[in-house]
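Novice: take this sequence and fold it.
(chains A, B and C)
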Amino acid sequence: MIKQIEIKLPSFNRGWHLITGHVTNELGKLPEKGLLQLFIHHTSAGLSINENADPSVRTDMESIMNHIVPEGLSFLTHTMEGPDDMPAHVKSSLVGASLTIPISNHRLKLGTWQGIYLCEFRNHGGSRRVTATVIG
Amino acid sequence: MIKQIEIKLPSFNRGWHLITGHVTNELGKLPEKGLLQLFIHHTSAGLSINENADPSVRTDMESIMNHIVPEGLSFLTHTMEGPDDMPAHVKSSLVGASLTIPISNHRLKLGTWQGIYLCEFRNHGGSRRVTATVIG
Amino acid sequence: MIKQIEIKLPSFNRGWHLITGHVTNELGKLPEKGLLQLFIHHTSAGLSINENADPSVRTDMESIMNHIVPEGLSFLTHTMEGPDDMPAHVKSSLVGASLTIPISNHRLKLGTWQGIYLCEFRNHGGSRRVTATVIG
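Specialist: Below is the predicted model:
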């Protein structure tokens, strides 16, 4: 069984945002076991799994990623779309554009502290599209 | 055909550890062709594919990741669980919580020099749980 | 339906290279919906999704990755194969050895600006092998 839907996420501010509830609401009924694959159709955002409890993790993720991939590096040439653009592309390749999560007992089998994140790397990224593919 | 098992890994020290043999032993018989997906149920560890031969790669992976994501950055706020905690979350998002590996001729189709790594980013992470999903 | 083929990529210079056309040509006819998984059988190269339009993105990706994972770090011990080798292993774990992309309407469902990249992290990496697995 293969099921595919497209999820349109609302505009988020630059930063790391939990979207687990949003995704599971859109998915509806899941098979007894299988895999969910999520794929974001943009090159300056990403999807990740990380800690779902303490909001300070989300702000620190944003801060450390800006530390690792700073804006304004003197050697950059792709600068027409603003200083946040090229670092956003790099972060997208580092974090990744997709996730695959096991499905067990008709539910996403996430760890207790795991949530699904939209990582918005642009200052004004706008709405983001994600394709969800369920194999079961 | 979808098969799913949970693998309980022993406690590893902080660092990069080859677990290819451990995983293949737990999997048992594989289908003729397909995919294996591995998903770790923790947010301060990761799974990766890297060089399986020279132990110096493993120590250097740990050293470079500590260089890229240092402890003690002054702007961090998620510090209650110790200085190794927030960098561990970042490393987990950079390396990733899951792997997908092709299966061919009833075996994992890894390159000659490729092995499966558990990346333990905490000082005392304890035992780690991984779900293995085989599609064939 | 599971289909698996091996793709032999030509030698590329160190850097980020679009291979979307190469991959789709090799794949042939795709199922109506499903997933494509690509897996590179090497530990000093990677696969990524990023911007497919402006060549400056590709040169900046290479520059920033060299900034994040510089050569010649004094604490490295895996140095026998040259100064580009150990950073290449790190970049491979950061970017990842595999990609999964949804298939919809018999085509890869990539965003308008998304392309498939081979990331060649060695100075002289030679030809690279990729296994493509289609589930549909």
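Novice: show me what the host helix or strand of A:Leu35 packs onto, helices and strands only.
Specialist: A:Leu35 belongs to strand A:33-40 when assigned by DSSP states H and E. Packed against strand A:33-40, as judged by 3 or more C-beta pairs under 8 Å, 6 or more residues apart in numbering or on different chains; DSSP states H and E, are the following elements: strand A:45-51, strand A:98-104, strand A:128-135, strand B:2-9, strand B:128-135, strand C:98-104. For every residue, glycine as well, the C-beta is placed using N, CA and C.
Novice: now do the buried residues in stretch A:6-23.
Specialist: Of the residues in stretch A:6-23, A:7, A:9, A:12, A:14-20, A:22-23 count as buried by neighbour count, 16 or more other C-beta atoms under 10 Å in any protein chain shown.
Novice: scratch that, stretch A:43-53
Specialist: Buried residues in stretch A:43-53 (16+ other C-beta under 10 Å): A:43-52.
Novice: hmm, that stretch touching chain B?
Specialist: Yes: among the residues of stretch A:43-53, A:48-51 lie within reach of chain B under C-beta under 8 Å from any C-beta of the partner chain.
Novice: with distance to A:Leu73 and pLDDT added, can I get those residues in a markdown table?
Specialist: Formatted as a markdown table, those follow (distance: C-beta to C-beta, whole Å; pLDDT from 0 to 100):
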| residue | distance to A:Leu73 | pLDDT |
| --- | --- | --- |
| A:Ser48 | 23 | 98 |
| A:Ile49 | 28 | 98 |
| A:Asn50 | 26 | 98 |
| A:Glu51 | 29 | 97 |
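Novice: looking at these, which one is closest to chain C?
Specialist: A:Ser48 (12.4 Å; C-beta to the nearest C-beta).
Novice: what sits opposite the closest one in the beta ladder?
Specialist: For A:Ser48, the beta-bridge assignment (DSSP bridges) gives partners A:Tyr117.
Novice: give the contact list for it.
Specialist: A:16, A:95-96, A:99, A:116-117, A:119, B:93 (C-beta atoms under 8 Å, 6 or more residues apart in numbering or on different chains).
Novice: wait, which of those is closest to chain C?
Specialist: A:Gly96 (6.4 Å).
Novice: angles on the backbone of that closest one, please.
Specialist: phi 100, psi 150 (degrees, to the nearest 10).
Novice: with A:Thr20 instead?
Specialist: A:Thr20 adopts backbone torsions of phi -60, psi -50, taken as degrees, to the nearest 10.
Novice: for the top helix by length along chain A, buried residues please.
Specialist: Ranked by number of residues, the top helix in chain A under DSSP state H is helix A:55-68. If you call a residue buried by 16+ other C-beta under 10 Å, then helix A:55-68 has these buried ones: A:57-66, A:68.
Novice: so after that helix, what's the next helix or strand?
Specialist: helix A:85-95.
Novice: so who does the residue sitting nearest the centre point of chain A touch?
Specialist: In chain A, the centroid-proximal residue (C-alpha atoms, centre = their mean) is A:Leu47; its distance is 2.0 Å. Applying C-beta under 8 Å, 6+ apart, we find A:Leu47 in contact with A:38-40, A:95-99, A:116-119, A:130.
Novice: scan those residues and report the most crowded one.
Specialist: Within the contacts of A:Leu47, most neighbours by other C-beta atoms under 10 Å in any protein chain shown means A:Cys119, with 28 neighbours.
Novice: for A:Trp16, see how far away that residue is.
Specialist: 5 Å (C-beta to C-beta, to the nearest Å).
Novice: between the two, what contacts are shared?
Specialist: Listed as contacting both A:Cys119 and A:Trp16 by C-beta under 8 Å, 6+ apart are A:48, A:61.
Novice: residues from chain A in reach of chain C?
Specialist: Counting by C-beta under 8 Å from any C-beta, chain A sits next to chain C at A:2, A:4, A:37, A:39-43, A:68-69, A:73, A:75-78, A:86-87, A:89-90, A:92-94, A:96-98, A:100, A:129, A:131, A:133, A:135.
Novice: in three-state terms, label the closest residue to chain B within chain A for me.
Specialist: Residue nearest to chain B within chain A: A:Gly111 (3.2 Å; C-beta to the nearest C-beta). Using DSSP: H, G, I helix; E, B strand; the rest coil, the structure places A:Gly111 in coil.
Novice: nearest residue to A:Ser63 other than its sequence neighbours?
Specialist: Nearest non-adjacent residue to A:Ser63, counting by C-beta to C-beta, 6 or more residues apart in numbering or on different chains: B:Phe75, 5.2 Å away.
Novice: the one you found: how many residues sit nearby?
Specialist: By other C-beta under 10 Å, neighbour count at B:Phe75 equals 10.
Novice: tell me the pLDDT at it?
Specialist: For B:Phe75, the pLDDT comes out at 97.
Novice: any idea of the mean pLDDT in the host helix or strand of A:Trp16?
Specialist: According to DSSP H and E, A:Trp16 maps onto strand A:15-18. On average, the pLDDT along strand A:15-18 is 98.
Novice: ok, that strand: who's next to it in the sheet?
Specialist: According to DSSP bridges, strand A:15-18 has these partners: strand A:114-120 (antiparallel).
Novice: up against chain B, what does chain A have?
Specialist: Chain A has residues A:33-35, A:48-51, A:54, A:56-57, A:59-61, A:63-65, A:67-68, A:94-96, A:99-102, A:104, A:109-114, A:117, A:119, A:135-136 near chain B, with proximity defined as C-beta under 8 Å from any C-beta.
Novice: burial count for the residue in chain A that chain C sits nearest to?
Specialist: Here chain A gets closest to chain C at one residue, A:His41, 3.2 Å apart by C-beta to the nearest C-beta. As a burial measure, A:His41 scores 19 neighbours (other C-beta under 10 Å).
Novice: quick one, what contacts it?
Specialist: Here A:His41 is in contact with A:128-131, C:109-112, C:114 (criterion: C-beta under 8 Å, 6+ apart).
Novice: now do 10 Å
Specialist: By C-beta atoms under 10 Å, 6 or more residues apart in numbering or on different chains, the contact list for A:His41 reads A:6, A:97, A:128-131, C:49, C:102, C:109-114.
Novice: is it possible to get JSON lines of the residues you listed that adds distance to B:Gly82?
Specialist: Below are the contacts of A:His41 laid out as JSON lines (distance: C-beta to C-beta, whole Å):
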{"residue": "A:Glu6", "distance to B:Gly82": "41"}
{"residue": "A:Ala97", "distance to B:Gly82": "32"}
{"residue": "A:Arg128", "distance to B:Gly82": "34"}
{"residue": "A:Arg129", "distance to B:Gly82": "38"}
{"residue": "A:Val130", "distance to B:Gly82": "34"}
{"residue": "A:Thr131", "distance to B:Gly82": "38"}
{"residue": "C:Ile49", "distance to B:Gly82": "35"}
{"residue": "C:Pro102", "distance to B:Gly82": "39"}
{"residue": "C:Lys109", "distance to B:Gly82": "42"}
{"residue": "C:Leu110", "distance to B:Gly82": "41"}
{"residue": "C:Gly111", "distance to B:Gly82": "39"}
{"residue": "C:Thr112", "distance to B:Gly82": "44"}
{"residue": "C:Trp113", "distance to B:Gly82": "41"}
{"residue": "C:Gln114", "distance to B:Gly82": "39"}
